[in-house]
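Visitor: Got a predicted structure here, sequence first:
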Amino acid sequence: MKSPRIGLLPLYVELYDRVLPELRGTVEPLTDQVCEALASRQVAVSRATTCCVREQVEAALKQFDDDQVDLIVTLHLAYSPSLESAEALAATPRPLLLLDTTLDSAFPRDVNPERLLYNHGIHGVQDLAAMLRRHQKDYEVVAGHLSDPSVMDRVVEFARAAHAAVLLKGMKTLGIGGALKGMGDFRVEADVLADQLGITVDDIQPSDLEASAAAVSDEAIETERLKDLERYQGEIDPEVHRRSLRAGLGLRNYLEQGDYGAFSMNFEEFRDADGPVNTVPFLECCKAMARGIGYSGEGDVLTASLSAALSRAYGMTSFVEMFCPDWEGNSIFLSHMGEFNPELSAEKPVLYEKEYPFSPAQNPAALGMAPRGGKATHVNLSLGPDGTFRLIISLVEVLEDGTHPALPQWVRAWIRPPLPVADFLEKFSRLGGTHHSVLMMGDHRESLGLFGRLSGMDVCDL
């Protein structure tokens with residue numbers, strides 16, 4: 001996960017420096033508190049000096065451009081007239097969030113009225129927000145006192161969303177073997193991906209990985225094998241393990257040398273039973289997702305790119321597919337052939353030899369696992385008419401694992417959607433959702449709305 005960078009813009013009123021010069025020293029520590037709260041949440045901050053007039057605001061925005069911040073956050077230390085900042089803020093292409101907070105957590109009936117001077121930034125927020133709307137500048141607002149941790153948690157969520165949009169815009173994705181024959185829902189022309197989302201795609205065949213796989217040393221394979229025996233459970237034939245590691249480490253090196261942030265592969269095109277890539281690298285697909293590399297199956301570079309942006313900005317993200325409805329139990333079974341992010345696993349994944357009848361390639365090593373229970377966000381991205389994209393987000397509950405004795409050698413999860421299963425599936429398909437999605441642990445719906453808007457997507461929350 002990469003840290004987002006926030007540009008923090010403290011706003012103040014020049015009048016107080018003339019008539020109440022001692023006031024600034026009392027309210028400016030609020031800026032320090034915000035910076036400390038962001039740093040404790042692993043967010044980088046570009047902090048501007050306190051700004052009162054337009055020239056100071058413009059200088060701060062230049063600083064934020066130089067520092068390439070993902071999100072600008074305003075902080076009203078007192079009332080600040082909107083005409084000193086609104087036009088400049090409306091003109092910046094960077095996303096904007098208004099942090100609506102105050103020095104004191106309470107303003108009760110027995111308050112000393114002089115405390116008004118230290119706690120009246122909210123009407124500066126309102127002045128600015130009204131003017132930004134007039135300028136048609138999109139913005140977010142987070143309101144509350146810093147003593148409530150959810151206030152800064154939400155600010156950070158929005159920063160991660162803005163960072164994810166930046167990551168998606170520059171995503172470089174590798175497609176291996178093209179798209180699986182006959183699957184159409186995730187297919188997007190390369191020029192549409194580049195023009196609409198800023199994603200660039202390189203296409204290769206599995207044979208193009210052979211040189212990279214052949215160059216992997218036996219020492220590197222043995223080192224990785226011993227690591228696997230520590231981080232996974234189960235027993236596997238060492239030779240099956242080694243051939244999967246050679247293909248997988250060859251793929252890893254190819255991704256690193258090409259600076260790819262995401263990849264997808266068509267398992268049917270892995271057809272060689274004898275060369276250095278003589279099996280499908282399912283194991284490396286799992287490990288790549290754990291490192292923040294985006295992945296999706298069957299040649300779906302669109303979902304792979306989405307997965308990469310969300311994984312690097314938020315963490316705890318995996319490629320998934322809805323497979324089977326449990327009508328009676330009101331849940332949906334998620335699975336896939338052998339690809340899931342082990343960072344989400346409730347227990348040590350099971351390492352095993354997977355039977356592989358789909359091509360002449362030899363049996364691969366694979367992982368079986370289930371995610372930990374709790375709230376999660378199901379995210380789907382689909383292409384619509386005229387090069388438009390729709391982001392479908394849903395809060396789901398990951399249920400307890402199943403009980404069948406054969407389950408440990410499967411990628412699996414049961415999720416409960418926010419609606420009855422039949423209603424959810426109807427609405428999901430009416431919106432044009434594809435059969436490839438991303439699962440993010442936790443509730444990220446609010447900030448994903450910002451991510452979608454910044455990426456030019458139509459956002460639908462189920």
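Guide: Perfect, thanks for sending it. Since this is a predicted model, take the numbers as computed values, not measurements.
Visitor: Now do the strands in the stretch 301-450 of the chain.
Guide: 317-320, 322-326, 331-336, 350-353, 365-368, 374-383, 389-398, 411-416, 437-441 (DSSP state E, counting those that start in this stretch).
Visitor: do you know which of these lies nearest Asp228?
Guide: Among those, strand 350-353 comes nearest to Asp228, with 6.2 Å by CB to CB. Any C-beta I mention is one placed from the backbone N, CA and C, and that applies to glycine too.
Visitor: what packs against the closest one?
Guide: Here strand 350-353 touches strand 365-368, going by 3 or more CB pairs under 8 Å, 6 or more residues apart in numbering; DSSP states H and E.
Visitor: Mind checking the pLDDT average for the strand it packs on?
Guide: Taken as a whole, strand 365-368 has an average pLDDT of 98.
Visitor: which residues touch that strand?
Guide: For strand 365-368, the external contacting residues (CB atoms under 8 Å, 6 or more residues apart in numbering) are 232, 234, 236, 240-241, 244-245, 279, 282-283, 286, 337-338, 340, 342, 349-354, 407-412.
Visitor: Drop anything exposed from the residues you listed.
Guide: For these, a burial check counting by 16 or more other CB atoms under 10 Å picks out 232, 234, 236, 240-241, 244-245, 279, 282-283, 286, 337-338, 340, 342, 349-354, 408-412.
Visitor: Can you give me the domain assignment for this structure?
Guide: The chain breaks down by automatic domain parsing into domains covering 5-169, 172-461.
Visitor: Run the chain-centre distance for the shortest one.
Guide: The offset between the C-alpha centroid of domain 5-169 and the centroid of the whole chain comes to 25 Å, using CA atoms, centre = their mean, to the nearest Å.
Visitor: Quick one: mean pLDDT over that domain.
Guide: 94.
Visitor: Was I right to think Ile176 contacts Ala262?
Guide: No - assessed by CB atoms under 8 Å, Ile176 is found out of contact with Ala262, at 11.5 Å.
Visitor: who's more crowded, the two?
Guide: Set Ile176 next to Ala262 and count neighbours by other CB atoms under 10 Å: Ala262 wins out with 32 against 23.
Visitor: Wait, that one touches Val301, no?
Guide: Yes - look at Ala262 against Val301 with CB under 8 Å: they come within range, at 7.1 Å.
Visitor: Spit out the residues that contact those two alike.
Guide: Thr173, Leu174.
Visitor: Quick test: name the residue nearest the centre of this protein.
Guide: Centroid-nearest residue in the chain: Leu310, 1.5 Å away (criterion: CA atoms, centre = their mean).
Visitor: dump the residue contacts of the closest residue to that residue other than its chain neighbours.
Guide: By the measure of CB to CB, 6 or more residues apart in numbering, the closest residue to Leu310 outside its immediate chain neighbours is Thr317, 5.0 Å from it. Thr317 is in contact with Met289, Ser307, Leu310, Ser311, Asn341, Val438, Leu439, Met440, Met441, counting by CB under 8 Å, 6+ apart.
Visitor: at 10 Å what do you get?
Guide: 1, 289, 292, 294-295, 306-311, 341, 343-344, 376-377, 379, 438-441, 444 (CB atoms under 10 Å, 6 or more residues apart in numbering).
Visitor: Make a ChimeraX selection of whichever of those residues turn out to be buried.
Guide: Command for ChimeraX that selects the buried part of those, burial taken from 16+ other CB under 10 Å:
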select :289,292,294,295,306,307,308,309,310,311,341,343,344,376,377,379,438,439,440,441,444
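Visitor: most tightly surrounded among the domains of the chain?
Guide: domain 172-461 (a mean of 19; mean count of other CB atoms under 10 Å).
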